[in-house]
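Chemist: Make a model of this:
(one chain, ligands or ions: 1)
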Amino acid sequence: MSKATDPTDAAETEATARSDDRAVLRTDGVTKRFGGLTAVDDVNVTVNEGEIVGLIGPNGAGKSTLFNCITGTLQADEGSVYLQGQDVTGWPEYKIARAGLGRMFQETRIFGDMTVEKNLLLAAQEGGSEVSSLLRRPDESLQARAQELLEYVDLGGLAKTRAGRLSFGQQKLIEFAMELMAEPDVLLMDEPAGGINPSMLENLIEYIRTANEDEEATIFLIEHNMDFVMEIADRIYVLAHGERIAEGTPEEIQNDQRVLDAYLGRE
Ligand SMILES: Nc1ncnc2c1ncn2[C@@H]1O[C@H](COP(=O)(O)OP(=O)(O)OP(=O)(O)O)[C@@H](O)[C@H]1O
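Modeler: Coordinates of the predicted model:
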């Protein structure tokens, strides 16, 4: 996808030099305070190309705040955020999105009066295409891409259906397909399993895995559903009271005493 590079940005060269080769996303000492509360405290995370990385922690641990600092929704008080090695700290949200960061929210942002296909075509604008031309004369390759992504999530037959008629679970899958339309370098997902009925959860795991394997989608996700995150993530970061208390494979995290204590409120 197109990158919003600023050749005059001196920090870029430095950031590129410091970055891990495979790191699509990296935070370095990100700290965010709300008055006297340190919601995110000196947090370092790295998401490498092709990984599915989980972010977990008890309620109020700072997960959403960290996501918001990464996406530019909030400005960190300290620390830096690097996307593909480029220092994007302080950039406005739209510019970070254009530079390759996708975000899928808990609530869907679908246009209910438009068809599923038009929603997908609109989402492609985040990848740099013009909105008006997309809707009037959609590019055949984009249409084919939309159909392909709908088939990934087993909703291929619903392209011409009004999106508002779909169930919440189906709308979430459409939103996932929409995010993939923009071909983000990394996709942040906020509780993808939230509100999804248990029978659909296994499917969601399969769709995210397929996107990861076939589309090489790199994913960073917040999730409260432990079974889900343990099954899907390659690596997991754990936050508690704003601090990163653990990092490891799902197996390591499940056996980490600090993590168990944090969840039981025993720090
Ligand atoms: N805009 C804000 N103003 C003041 N305090 C905030 C703000 N946003 C978050 N906080 C506080 O910062 C801390 C971290 O909140 P955050 O929402 O990031 O946690 P979380 O891990 O995402 O929690 P949850 O799992 O419950 O969504 C909490 O104590 C929260 O009350």
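Chemist: Every contact and neighbour count from this point should use C-alpha atoms.
Modeler: Fine.
Chemist: now check the helix or strand encompassing residue 188, is it near the ligand?
Modeler: Using DSSP states H and E, residue 188 maps to strand 186-190. No. Shown here: strand 186-190 not in contact with the ligand (Cα under 6 Å from any ligand atom), separated by at least 9.1 Å.
Chemist: Output the contacting helices and strands for that strand.
Modeler: Taking 3 or more Cα pairs under 8 Å, 6 or more residues apart in numbering; DSSP states H and E as contact, the helices and strands that strand 186-190 lies on are strand 101-104, strand 219-222.
Chemist: Moving C-terminal from it, which element do we reach first?
Modeler: Downstream of strand 186-190, the first helix or strand assigned by DSSP H and E is helix 198-214.
Chemist: which parts of that following helix are buried?
Modeler: 201, 204, 205, 207, 208, 209, 211, 212 (16 or more other Cα atoms under 10 Å).
Chemist: Could you do stretch 105-124 as well?
Modeler: Residues of stretch 105-124 classed as buried under the neighbour-count rule (16+ other Cα under 10 Å) are 110, 115, 116, 117, 118, 119, 120, 121, 122, 123, 124.
Chemist: For the residue nearest to residue 115 when sequence neighbours are not counted, give me its contacts.
Modeler: By the measure of Cα to Cα, 6 or more residues apart in numbering, the closest residue to residue 115 outside its immediate chain neighbours is residue 162, 4.1 Å from it. Applying Cα atoms under 8 Å, 6 or more residues apart in numbering to residue 162 gives the contacts 112, 113, 114, 115, 116.
Chemist: so can I have CSV of those showing pLDDT and distance to residue 76?
Modeler: Output for those, formatted as CSV (pLDDT from 0 to 100; distance: Cα to Cα, whole Å):
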residue, pLDDT, distance to residue 76
112, 94, 34
113, 95, 37
114, 94, 36
115, 95, 38
116, 95, 36
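Chemist: and which of those residues is nearest to the ligand?
Modeler: residue 112 (26.2 Å; Cα to the nearest ligand atom).
Chemist: Does that closest one touch residue 167 like I think?
Modeler: No. The pair formed by residue 112 and residue 167 falls short of the contact definition of Cα atoms under 8 Å, at 11.2 Å.
Chemist: of all the helices and strands packed on strand 186-190, which gets the most neighbours per residue?
Modeler: A comparison of the helices and strands packed on strand 186-190 by mean neighbour count, using mean count of other Cα atoms under 10 Å, puts strand 219-222 on top with a mean of 24.
Chemist: what mean pLDDT does the strand holding residue 188 have?
Modeler: Taken as a whole, strand 186-190 has an average pLDDT of 96.
Chemist: what's that strand in contact with?
Modeler: Strand 186-190 is contacted by residues 24-25, 64, 67, 100-106, 179, 217-223 when judged by Cα under 8 Å, 6+ apart.
Chemist: Quick one: name the residues of the chain near the ligand.
Modeler: Going by Cα under 6 Å from any ligand atom, the residues of the chain near the ligand are 34, 39, 58, 59, 60, 61, 62, 63, 64, 65.
Chemist: Can you tell me which of these has the most neighbours?
Modeler: With neighbours taken as other Cα atoms under 10 Å, the top of the residues of the chain next to the ligand is residue 63, carrying 26 neighbours.
Chemist: Would you quantify the distance from that one to residue 104?
Modeler: Here the criterion is Cα to Cα, to the nearest Å. By it, residue 63 lies 14 Å from residue 104.
Chemist: Also residue 256?
Modeler: Note on residue 256: its distance to residue 104, by Cα to Cα, is 29 Å.
Chemist: and residue 54, that one's in a strand?
Modeler: Yes. Judged by DSSP: H, G, I helix; E, B strand; the rest coil, residue 54 forms part of a strand.
Chemist: any idea of the pLDDT on residue 141?
Modeler: Note on residue 141: pLDDT of 84.
Chemist: Can you get me a residue count around it?
Modeler: Residues lying near residue 141 (other Cα under 10 Å) number 9.
Chemist: Quick check: next helix or strand after the helix or strand in which it is found?
Modeler: When secondary structure is defined by DSSP H and E, residue 141 falls within helix 140-152. Next along the chain after helix 140-152, taking DSSP H and E as the criterion, comes helix 168-181.
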